[in-house]
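> After the sequence you'll find the predicted model.
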Amino acid sequence: MLKIDNMDVYYGAIHAIKGISIQVPQGEIVTLVGSNGAGKSTTLQTISGLLKPKNGTILFEDQHIEGLAAHKIVSMGLCQVPEGRRVFANMTVLENLELGAYLRSDKDEIARDLEDVFKKFPRLLERKNQLSGTLSGGEQQMLAMGRALMSKPRLLLLDEPSMGLAPLLVKEIFNIIQEINESGTTVLLVEQNANMALSIADKAYVLETGRIALAGTAKELASSEAVRKAYLGG
């Protein structure tokens, strides 16, 4: 579904991503794990059109998307849930969700998808008229995910969904990610909590200072001694 080949990304003179190649098969959860500053978020931002690669190709469903505007990429069916949630604090929960569907005109389908989001996230339904800035961190994460789902993505990019959340909420968010995947959405997940990420993923890549250090099935990486020592607490 997504194929990145030999991609280089620079911030000015800094070579942040160094010739990485990644594949995300349709229907799977693929995770990128690595420490802070490894280039995980930069990779996602480049896929979703917020950054431009210097070299390399990004194919989404066999179409070149490198260099395309971010809104064009969303309209093709690829949407990102950004790190730090980025909800519109002065808008209500409902307005944030409706904004997620801004590129769509299929009113009946939008209403159905809104119902579906409220089923997945009952807490958002309870708070639908509340200003988003007054929600807890976990609720804002649910809202950011719900807002992305309103664009009807076939591929969902998730950037650090567990960041700053209590362990119980992390479990809940990861259960929902699995549900989203089981209902037909392919997922590319960037996550510092490597244990959780590897427990739900099919495939995994380890990023180290802008390079792919290891790749394999999530099971293989979870049982690799090098990965255990570096990312899974021994």
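Received the coordinates, thanks. Numbers count the residues shown, from 1 in each chain.

> okay, CA-based contacts and neighbour counts for the rest of this
OK.

> gap between the residue nearest to residue 199 when sequence neighbours are not counted and residue 28?
In this structure, residue 199 finds its nearest non-sequential neighbour in residue 218, 7.3 Å apart by CA to CA, 6 or more residues apart in numbering. Note on residue 218: its distance to residue 28, by CA to CA, to the nearest Å, is 11 Å.

> and for these two, which residues touch both?
Contact criterion CA atoms under 8 Å, 6 or more residues apart in numbering; residues shared by residue 218 and residue 28: 201, 202, 203.

> In CSV: these, plus pLDDT and neighbour count.
Putting the shared contacts of residue 218 and residue 28 into CSV (pLDDT from 0 to 100; neighbours: other CA atoms under 10 Å) gives the following:
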residue, pLDDT, neighbour count
201, 98, 20
202, 98, 18
203, 97, 22
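
> Got the phi and psi for the most centrally placed residue in the chain?
With the centre of the chain defined as its mean C-alpha position, the nearest residue by CA atoms, centre = their mean is residue 158, 1.4 Å away. Main-chain dihedrals, residue 158, degrees, to the nearest 10: phi -120, psi 120.

> got the contact list for it?
Applying CA under 8 Å, 6+ apart, the residues contacting residue 158 are 80, 81, 82, 83, 187, 188, 189, 190.

> quick one on the thing from earlier: specify which member of the shared contacts of residue 218 and residue 28 is nearest to residue 55.
residue 203 (24.6 Å; CA to CA).

> What distance do you get for the closest one to residue 23?
9 Å.

> Quick check: next helix or strand after the host helix or strand of residue 179?
Per DSSP states H and E: residue 179 is located in helix 167-182. The C-terminal neighbour of helix 167-182 among helices and strands, as given by DSSP H and E, is strand 186-191.

> Next, the angle from that next one to helix 167-182.
Taking axes from the mean of the first three to the mean of the last three CA atoms, to 10 degrees, strand 186-191 and helix 167-182 form an angle of 160 degrees between their directions.

> chain center to strand 186-191, what's the gap?
Relative to its chain's centre, strand 186-191 lies at 5 Å (CA atoms, centre = their mean, to the nearest Å).

> going forward can the numbers begin at 32, since that is how I track them
That works, and once the first residue is 32, the last one we named lands at strand 217-222.

> Could you give the average pLDDT over it?
Taken as a whole, strand 217-222 has a mean pLDDT of 96.

> Also stretch 161-174?
On average, stretch 161-174 scores 90.

> With stretch 107-124 instead?
The model assigns stretch 107-124 a mean pLDDT of 88.

> That one: which residues count as buried?
107, 109-116, 118-119, 122-124 (16 or more other CA atoms under 10 Å).

> still on that earlier bit, could I get the shared contacts of residue 249 and residue 59 in JSON lines, plus columns for distance to residue 245 and secondary structure?
Listed next are the shared contacts of residue 249 and residue 59 as JSON lines, based on distance: CA to CA, whole Å; DSSP: H, G, I helix; E, B strand; the rest coil:
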{"residue": "232", "distance to residue 245": "15", "secondary structure": "coil"}
{"residue": "233", "distance to residue 245": "15", "secondary structure": "coil"}
{"residue": "234", "distance to residue 245": "11", "secondary structure": "strand"}
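
> Tell me where this structure has strands.
With DSSP state E as the definition, the chain shows strands at residue ranges 33-42, 45-55, 60-64, 86-91, 94-95, 109-112, 186-190, 217-222, 234-239, 242-248.

> ok so, going back, who does the residue nearest to the centre of the chain bridge with?
Beta-bridge pairing of residue 189 under DSSP bridges involves residue 112, residue 220.
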